[in-house]
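*Asks:* Any chance you can model this:
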Amino acid sequence: MTTEMITPENELLESVRATIDGHKNLVVKDDAGYIAAQEALKAIKARAKQVLDYFGPLVKKAHEMHKALKAKENAFTTPLDEMYVSISRECGRYKSEQEAIERKRAAEEEAKRRKEEEDRRLVEAQALQDAGRKEEAEAVVSAPVVVAPAPVRQVPKVQDVSYRDNWRFTIENAELIPREYLIPDENKIGQYVRAMKNAAKIPGVKIYCEKTPIIR
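*Replies:* Model prediction:
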């Protein structure tokens, strides 16, 4: 038969559970319940302080160790990350530029082929017209011009490397942005409401006051 070792942490846990169990059914229905609830707040805050006093030094020590280890880790990874981002941007820039160049070249080549086919048809239609074959000439001219897509050169591919499209934006004129893309400045609203209190008025905003007990 084994017994669980009693430690300050176990005792603290039991006291927290007792505090919670002792107040979980509390409901404020009258003045007596209201007073009891405020006493409960004092007891809960005192118990929470005990927890913070116990774990505070441990958390501080762990946090300091975490910061020291992260600093060492960052000394190794930061220059690697910066170099990775720099080269990644260069690769992305080159790929985007080459794709744009190829799209333009392909479009120009297709336009050239289309023009050549249109010119050829005009010559053919003129020959048919001169031969008195008017309907055939009209059919040649009115038929849709279809040309094969121009081949597009792809930038070299490297194994285990792929690209993801990241669409971004830059605001050029904030005054032209439609309302549905705007959000209220909640920080500014909060500052105004706290400063003006019950005198605050903002169209479209409900302003109200919540009472919060303060345990000293």
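
*Asks:* for the chain, longest helix please?
*Replies:* In the chain, assigned by DSSP state H, the helix with the most residues is helix 31-130.

*Asks:* sec struct for residue 155, please.
*Replies:* Following DSSP: H, G, I helix; E, B strand; the rest coil, residue 155 is assigned to coil.

*Asks:* Select the helix or strand of this structure having the lowest average pLDDT value.
*Replies:* helix 134-142 (a mean of 87; mean pLDDT, DSSP states H and E).

*Asks:* For whichever helix or strand comes after that one, list every residue counted as buried.
*Replies:* Counting by DSSP states H and E, the next helix or strand C-terminal to helix 134-142 is helix 186-196. Residues of helix 186-196 classed as buried by neighbour count (16 or more other Cβ atoms under 10 Å): residue 193. In short, each C-beta sits where N, CA and C put it, glycine included.

*Asks:* tell me what the longest helix of the chain is packed against?
*Replies:* Identification of packing neighbours for helix 31-130 by 3 or more Cβ pairs under 8 Å, 6 or more residues apart in numbering; DSSP states H and E yields helix 8-23, helix 134-142.

*Asks:* any chance of those in CSV, with distance to residue 158 too?
*Replies:* Output for the helices and strands packed on helix 31-130, formatted as CSV (distance: least, Cβ to Cβ, whole Å):
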stretch, distance to residue 158
helix 8-23, 54
helix 134-142, 49
